[in-house]
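Chemist: Sequence and computational prediction follow.
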Amino acid sequence: MIVWHLDMRSPESVVGKPLSHPDAVLVEARIHQAAFNRFLYQLVGEDWDWKEKNAWSLARWQAQVERPEVRTWVLYVKGSPAGYVEMVRQPLVDGEGHQIEIENFGLARPFIGQGLGSGFLTDALHLAWAFTDHQGELPKRVWLHTCSDDHPNARANYEARGFQLFRTVEED
């Protein structure tokens, strides 16, 4: 499996139109619920070999999701969860400020191919760039990783929205 790490360094790097599907709405899950995030992870990831977190206990999910550094937005289409994005605010490794990792992003299988992915990602990136720290500072970087086991268009969608490849790793 090949893992690609991508990032962007400014909100002006975001390319693309916002989500315009008439039946779609993006809503932040402001009450953190570990079981709900686990459901979303499985709903979106089941077709893409997302299994790392499947073995997590509910307590581990709670420890992950209930931190103030984690925010989740759910994409609903006609009232049904169609996808989600989970972001984590992190300190910058080399420098002052913070960065946002898009830890999970994707659509559930029934919603792929309906013209949702690019607008959903564009909107998610605008949300990431607005994810302030406790002092109200905006992030200096947004990053994520995807892999060769993910949807065949995942990396192309990320790069079309303005992400740049910064590292490639081959894993077992």
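Modeler: Now that the structure is in, tell me what you want to look at.
Chemist: Every contact and neighbour count from this point should use C-alpha atoms.
Modeler: Fine.
Chemist: which SS state does the nearest residue to F105 once chain neighbours are set aside fall under?
Modeler: Closest residue to F105 apart from its sequence neighbours, by Cα to Cα, 6 or more residues apart in numbering: V85 at 4.3 Å. Under DSSP: H, G, I helix; E, B strand; the rest coil, V85 falls in the strand class.
Chemist: mind checking pLDDT for V85?
Modeler: At V85, the pLDDT value in this model is 98.
Chemist: Show the contacting residues for it.
Modeler: V85 sits next to 72-74, 102-106, 124 when contact means Cα atoms under 8 Å, 6 or more residues apart in numbering.
Chemist: try 10 Å
Modeler: When contacts are counted by Cα atoms under 10 Å, 6 or more residues apart in numbering, V85 touches 26, 28, 37, 40-41, 71-75, 102-107, 120-121, 124-125, 128.
Chemist: Show me what it bridges to in the sheet.
Modeler: V85 has these beta-bridge partners by DSSP bridges: W73, F105.
Chemist: and the contacts of V85, which of them are in strands?
Modeler: If you go by DSSP state E, the contacts of V85 have 26, 28, 71-75, 102-107 in strands.
Chemist: Show me where this structure has its strands.
Modeler: With DSSP E applied, the chain shows strands at 2-8, 24-28, 70-77, 80-91, 98-107, 141-147, 164-170, listed in chain order.
Chemist: Distance to L116 added to those, as TSV?
Modeler: TSV is the format used below for the strands of the chain (distance: least, Cα to Cα, whole Å):
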stretch	distance to L116
strand 2-8	21
strand 24-28	8
strand 70-77	9
strand 80-91	9
strand 98-107	8
strand 141-147	18
strand 164-170	22
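Chemist: Please spell out the PyMOL selection for the buried subset of the ones in strands among the contacts of V85.
Modeler: Buried residues within the ones in strands among the contacts of V85, by 16 or more other Cα atoms under 10 Å, are selected in PyMOL with:
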select buried, resi 26+71+72+73+74+75+102+104+105+106+107
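Chemist: ok, of the ones in strands among the contacts of V85, which one's closest to V169?
Modeler: Closest approach between those and V169, by Cα to Cα: E103, at 17.1 Å.
Chemist: ok, that closest one touching V70?
Modeler: Yes: using Cα atoms under 10 Å, E103 is in contact with V70, at 9.5 Å.
Chemist: shared neighbours, those two?
Modeler: What both E103 and V70 touch, as defined by Cα under 10 Å, 6+ apart, is the set 86-88.
Chemist: so which of these is the most crowded?
Modeler: Highest neighbour count within those, by other Cα atoms under 10 Å: M87, with 26 neighbours.
Chemist: For that residue, which non-adjacent residue is spatially closest?
Modeler: I102 (4.5 Å).
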